[in-house]
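Novice: Sequence unavailable; structure follows:
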């Protein structure tokens, strides 16, 4: 399994579909391997994420993988903060 | 030997049974959906008439309170989850409007409680307006 650790400088809360897409382009697109499983890790400094950010971040993988089942086989989004993890899980298929 | 008239009467019996079954299914489905809408108040009231107003008074005291903003978001995500009754009741416009409003409210609450929001007063006004729209959809203008 491949692990991608995201970085957001001093930000603590992430919002906006365009910012999610930008983050995907800048930090994930070149590293992700759709033939293998990839774990995308949010830093523990992030204590809040909007639904639209997650949807922007995962827009391309969702389109490429086509189904929820396939997405869940290939991509794990992880946050060490419990409430952030819950929000991530609720957001992708909102 | 089976004659054409036998086949036709057999077919007419099958079609009658199918039509009766579909009619029964539609009636029972509509009755079930009517019941769901009549219980709408019980579904949404505890959140929208009790929990959200309490949180909103805390929010208006301090827009930047991360915990309050996150709790408000949780309440509206719950409202969106429960609004599936609109989807099942063929009120798709209401369902999608509620969904879009919850996404907007969530984004605005994350922004206003972030480290450097641009204009907290404008943002809080916009959040309140969107929350009012949610109430209008659910309570048909009787409250908001």
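Specialist: On my side now, so go ahead. In this text, all values refer to a predicted model and were calculated from it rather than measured experimentally. Numbers count the residues shown, from 1 in each chain, chains lettered A, B, ... in the order given.
Novice: Tell me the helix or strand right after the helix or strand of chain B with the lowest mean pLDDT.
Specialist: Lowest on mean pLDDT, DSSP states H and E among the helices and strands of chain B sits helix B:4-38, with a mean of 71. Remark: after helix B:4-38, the chain's next helix or strand is helix B:40-45, criterion DSSP states H and E.
Novice: how close does the most centrally placed residue in chain B get to chain A?
Specialist: Closest residue to the average C-alpha location of chain B: residue B:83 at 2.0 Å, with C-alpha atoms, centre = their mean. Separation of residue B:83 from chain A (C-beta to the nearest C-beta, to the nearest Å) stands at 12 Å. (Each C-beta comes from the backbone N, C-alpha and C, glycine too.)
Novice: Do I have it right that that residue meets residue B:97?
Specialist: No - contact criterion C-beta atoms under 8 Å: residue B:83 and residue B:97 do not qualify, at 9.5 Å.
Novice: returning to what we had before: check which helix or strand the closest residue to the residue nearest to the centre of chain B other than its chain neighbours maps to.
Specialist: The shortest distance from residue B:83 to any non-neighbouring residue, by C-beta to C-beta, 6 or more residues apart in numbering or on different chains, is to residue B:98 (4.6 Å). Using DSSP H and E, residue B:98 sits within helix B:92-112.
Novice: So which elements touch that helix?
Specialist: Applying 3 or more C-beta pairs under 8 Å, 6 or more residues apart in numbering or on different chains; DSSP states H and E, we find helix B:92-112 packed against strand A:13-14, helix A:51-57, helix B:66-82, helix B:84-88, helix B:120-139.
Novice: make it 6 Å
Specialist: Contacts defined by 3 or more C-beta pairs under 6 Å, 6 or more residues apart in numbering or on different chains; DSSP states H and E place helix B:92-112 against helix A:51-57, helix B:66-82, helix B:84-88, helix B:120-139.
Novice: just the ones you listed: most buried one?
Specialist: helix A:51-57 (a mean of 24; mean count of other C-beta atoms under 10 Å in any protein chain shown).
Novice: Toward the C-terminus, what is the element adjacent to that helix?
Specialist: Beyond helix A:51-57 toward the C-terminal end (DSSP H and E), the next one is helix A:59-65.
Novice: Next one: that following helix, is it in contact with chain B?
Specialist: No - on the criterion C-beta under 6 Å from any C-beta of the partner chain, helix A:59-65 is out of touch with chain B, staying 13.8 Å away.
Novice: Check stretch A:79-88 too.
Specialist: No - residues of stretch A:79-88 are not located near chain B by C-beta under 6 Å from any C-beta, the shortest gap being 6.5 Å.
Novice: where along chain A do the strands fall?
Specialist: Applying DSSP state E to chain A gives strands spanning A:2-5, A:13-14, A:38-41, A:48-49, A:75-78.
Novice: Around chain B, pick out the residues from chain A.
Specialist: A:13, A:15, A:48, A:50-52.
Novice: how about a markdown table for those residues, with pLDDT and distance to residue B:11 added?
Specialist: A markdown table is the format used below for the residues of chain A next to chain B (pLDDT from 0 to 100; distance: C-beta to C-beta, whole Å):
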| residue | pLDDT | distance to residue B:11 |
| --- | --- | --- |
| A:13 | 96 | 65 |
| A:15 | 96 | 61 |
| A:48 | 97 | 63 |
| A:50 | 98 | 58 |
| A:51 | 98 | 52 |
| A:52 | 98 | 55 |
